[in-house]
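Participant: Sequence and computational prediction follow.
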Amino acid sequence: MPVSARRNRGAGFALDSGSATPAYLQVRHRLTDLIRTGRLKPGEATPSERELARSLGISRTTVRQALRGLEDQGVLERRHGSGTYVADRRIVQSLSELTGFSEDMRARGQTPGARVLTLERARARPEEAVALGLPSGERVIRIVRLRTADGEPLALEDCAIPERVCPPLALEDVSDRSLYAHLARHGVILRRAVQRLRAIAADRPTARLLELSPGDPVLSIQRTTWDDRDQPIEFVVSVYRGDRYDFLVELKPHDGR
């Protein structure tokens, strides 16, 4: 007769000592189920190693092995001196589709928002002029926005658009609307974009806005966007929270091989 499953209150689940599945994998699977069903929520602490080991009747080494696997998967995160917590839901964004932040967030059932930090007509910076094919000294409309999802700061966008593309843009409030939708209303059709991604450390101003610590890893993306006449109409540098974003790229064999 198989040994009955060990019941406990500390872990919120039981292990089956008669199962061929190793104990550490059982712990891992049970915790994953608790998170998937919402019984353990993002930001909520898991029972400590000691509590899990005592209530399940297994060693702390076994518990530690189970938790480490979930940490490696990004499901749990260990906070020094505080404990182990369910990681916040990460946002997976495709780098193969030309979409805006607002569209991405609505597709995930979240409410996009923005706080406009800068909205001005200004001379193009050198990198903006090169990307947009502008003569030296040409003016652009510059929009710097802190982008949020359900009120949480996720990204900092610094965008430049040639003034000739959409002159009324600087007069409108873009804090609660999609910039791409606004451009579409002015007859601008987006056709393609090139993006460059790199990992950097957050400087103090960026960290403050994104509610991070200075030096925390962030993802910087430079994007140049062209319209249907193959004219560059946007150059934007976006900085995303590295603890909340995964960027996905679909790869296909060259020439069908």
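Facilitator: Happy to help now that I have it. Computed from a prediction, not measured in an experiment: that's the story for all the values here. Numbering: from 1, shown residues only.
Participant: Could you pull up phi and psi at Leu190?
Facilitator: The phi/psi pair for Leu190 (degrees, to the nearest 10) reads phi -80, psi 140.
Participant: what's around it, how many residues?
Facilitator: 17 (other CB atoms under 10 Å). Where you see a C-beta, it was placed from the backbone N, CA and C, and this is true even at glycine.
Participant: Thr224 bridge partners, please.
Facilitator: Following DSSP bridges, Thr224 is listed with bridge partners Val194, Phe235.
Participant: neighbours of it, just the number please.
Facilitator: For Thr224, using other CB under 10 Å, the count is 19.
Participant: Arg191 is in contact with that one, correct?
Facilitator: No. Applying CB atoms under 8 Å as the test, Thr224 and Arg191 come out as separate, 11.9 Å apart.
Participant: just so I have it, where are all the strands in the stretch 51-200 of the chain?
Facilitator: For the stretch 51-200 of the chain, applying DSSP state E, counting those that start in this stretch gives strands covering 76-79, 83-86, 91-94, 112-123, 139-149, 152-162, 190-201.
Participant: Can you say which of those is nearest to Arg50?
Facilitator: strand 83-86 (10.8 Å; CB to CB).
Participant: could you say what helices and strands the closest one packs with?
Facilitator: Packing partners of strand 83-86 (3 or more CB pairs under 8 Å, 6 or more residues apart in numbering; DSSP states H and E): strand 76-79.
Participant: how about a cut-off of 10 Å?
Facilitator: Using 3 or more CB pairs under 10 Å, 6 or more residues apart in numbering; DSSP states H and E, the elements in contact with strand 83-86 are helix 23-36, helix 49-56, helix 60-72, strand 76-79.
Participant: In JSON lines, list the ones you listed along with mean neighbour count, distance to Ala131 and mean pLDDT.
Facilitator: Below are the helices and strands packed on strand 83-86 laid out as JSON lines (neighbours: other CB atoms under 10 Å; distance: least, CB to CB, whole Å; pLDDT from 0 to 100):
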{"stretch": "helix 23-36", "mean neighbour count": "18", "distance to Ala131": "42", "mean pLDDT": "85"}
{"stretch": "helix 49-56", "mean neighbour count": "19", "distance to Ala131": "51", "mean pLDDT": "89"}
{"stretch": "helix 60-72", "mean neighbour count": "17", "distance to Ala131": "38", "mean pLDDT": "87"}
{"stretch": "strand 76-79", "mean neighbour count": "15", "distance to Ala131": "37", "mean pLDDT": "84"}
